[in-house]
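1. Have a look; sequence and predicted model below, questions after that.
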Amino acid sequence: MRILLLLLLIPCVARADLTIENAWIKNLPPVVPARAGYLTISNTNAAAVAVVGLHGEAFERIEMHRTVMKNGTMKMEPVAKLAIEADATLRFEPGGLHLMMYPRQPTRPGDSYRVTVEFDDGETLDFEMVVKP
């Protein structure tokens with residue numbers, strides 16, 4: 001019985017070792033279809049995890065992108081999976097990794113949206129993102 005209880009608790013404990021901070025969305029005029037999103041994910045697990053997607057009811061889709069220099073021009077490339085090593089932090093920030101978020105309705109500074117991050121082990125973690133000017 002104790003082993004079964006322990007097995008049921010393992011996925012919960014693993015997510016307790018992941019924290020999301022500074023999650024925000026850059027507000028843009030309603031005519032712009034996408035918003036950039038930024039956040040920090042810290043992994044204090046003893047093992048690596050990988051982010052494989054994000055979604056939220058207020059968004060048609062959320063994509064992970066990387067800013068890269070190609071042939072002298074800055075471009076965005078979609079990223080399907082991002083590993084976070086043990087005891088490491090992954091930062092989505094202006095000029096680097098970021099989210100491209102396609103809202104169903106216009107956003108306004110101060111709005112807050114629930115977003116879910118999905119990991120390669122099937123686990124998820126919900127968090128709030130606030131819109132900033």
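-> That came in fine, so what should we check first?
2. burial of I20, as a residue count?
-> 17 (other C-beta atoms under 10 Å). C-beta: built from backbone N, CA, C; applies to glycine.
3. Now do the contacts for it.
-> L39, T40, I41, S42, V117, L125, F127 (C-beta atoms under 8 Å, 6 or more residues apart in numbering).
4. Can you give the distance of the longest strand along the chain from its chain's centre?
-> When the chain is parsed with DSSP state E, its longest strand is strand 59-70. How far strand 59-70 lies from its chain's middle: 11 Å, per C-alpha atoms, centre = their mean, to the nearest Å.
5. Which parts of that strand count as buried, going by neighbours?
-> F59, I62, E63, M64, H65 (16 or more other C-beta atoms under 10 Å).
6. Per-residue pLDDT of the closest residue to the fourth one other than its chain neighbours, please?
-> Okay, so that is M64. Nearest residue to M64, sequence neighbours excluded (C-beta to C-beta, 6 or more residues apart in numbering): V79, at 4.4 Å. At V79, the model reports a pLDDT of 97.
7. right, and V79 touches L99 too?
-> No - if you go by C-beta atoms under 8 Å, V79 and L99 don't touch, sitting 10.2 Å apart.
8. quick one on the thing from earlier: and the next helix-or-strand element following the longest strand of the chain, what other elements does it pack with?
-> Of the helices and strands lying after strand 59-70 in sequence (DSSP states H and E), the nearest is strand 73-79. Judged by 3 or more C-beta pairs under 8 Å, 6 or more residues apart in numbering; DSSP states H and E, strand 73-79 is in contact with strand 59-70.
9. quick one: the strand it packs on to strand 73-79, angle?
-> 130 degrees (axes from the mean of the first three to the mean of the last three C-alpha atoms, to 10 degrees).
10. still on that earlier bit, in PyMOL, how would I select the buried members of the contacts of I20?
-> Applying 16+ other C-beta under 10 Å to the contacts of I20 leaves a buried subset, and the PyMOL line that selects it is:
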select buried, resi 39+41+42+117+125+127
